[in-house]
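In: A predicted structure for the sequence below; I have some questions about it.
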Amino acid sequence: MTTTTTKTKKTTTEKPIETLPTNPFIFEILELASKQRSNAKKVEVLKTYEHDSIKSIFIWNFDETVISLLPEGDVPYADANDQSVYSGTLSDNLKKEIVSGESATGQDLDGRGRTSLRREYQNLYHYVKGGNNSLTSIRREMMFINLLRGLHPKEAEVLLLTKDKNLTNKYKITLENVKQAYQDIRWGGRS
């Protein structure tokens, strides 16, 4: 007498990728792609929400020939009045806004009066070598601070991470994911 055992195969159905609103913030795309478990799903998210603004962020972050003309690290406030009213650097205050949802800089966070990297990406050339060489360092840094102040706090955080090429410190997206998603990006030879 022989006994046969039948194995039942578990079928796992993959959950569909969450749908973002039309014209999502860059941080929303990065967060969604970052939380995907497989590289294929990360690439799918990046392809689904393809836009020149996110490509610009990835190029600045991953392309070694893109050289930031901004000082590394935290961004200080521009004038002494701001520094005495709000404690900490602009970077610290942006982190507080992200965590608590309250504005450490006195601005409301409901999105009104804020801009996004999707709208501002065409001005990022001012902050890298070969972009706008006519700007003085002081003028460039002031423009950057003003840009950060106008962005949604999480968008500003993305930009701060990108300028120091630290995007992967927060988001689980690799250069290989980006290369697979955006095969039209030409890497190198930018400075």
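Out: Sure, I can see it.
In: residue ranges of the strands in this protein, please?
Out: Applying DSSP state E to the chain gives no strands.
In: report the central residue of it.
Out: V158 (3.2 Å; Cα atoms, centre = their mean).
In: ok, now which ones touch that residue?
Out: Neighbour list for V158: I26, F27, L30, I57, L117, L167 [criterion: Cβ atoms under 8 Å, 6 or more residues apart in numbering]. Backbone N, C-alpha and C define where each C-beta goes, glycine included.
In: can you report how many residues neighbour S53?
Out: When neighbours are counted by other Cβ atoms under 10 Å, S53 registers 21.
In: over to the one 3 residues further on?
Out: The number of residues packed around S56, counting by other Cβ under 10 Å, is 20.
In: I figured it hits N123, correct?
Out: No - taking contacts as Cβ atoms under 8 Å, S56 lies outside contact range of N123: 10.1 Å.
In: any idea how far the closest residue to S53 other than its chain neighbours lies from S56?
Out: Of all residues not flanking S53 in the chain, Y121 sits nearest, at 3.8 Å (Cβ to Cβ, 6 or more residues apart in numbering). According to Cβ to Cβ, to the nearest Å, Y121 and S56 sit 5 Å apart.
In: find residues that contact each of the two.
Out: Here Y121 and S56 share no contacting residue, scored by Cβ under 8 Å, 6+ apart.
In: mind listing what L167 touches?
Out: L30, I57, F58, N61, F62, V158, L161, I173.
In: turn those residues into CSV, columns for pLDDT and distance to R149.
Out: Formatted as CSV, these follow (pLDDT from 0 to 100; distance: Cβ to Cβ, whole Å):
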residue, pLDDT, distance to R149
L30, 97, 21
I57, 98, 19
F58, 98, 24
N61, 97, 22
F62, 97, 26
V158, 96, 15
L161, 96, 17
I173, 97, 26
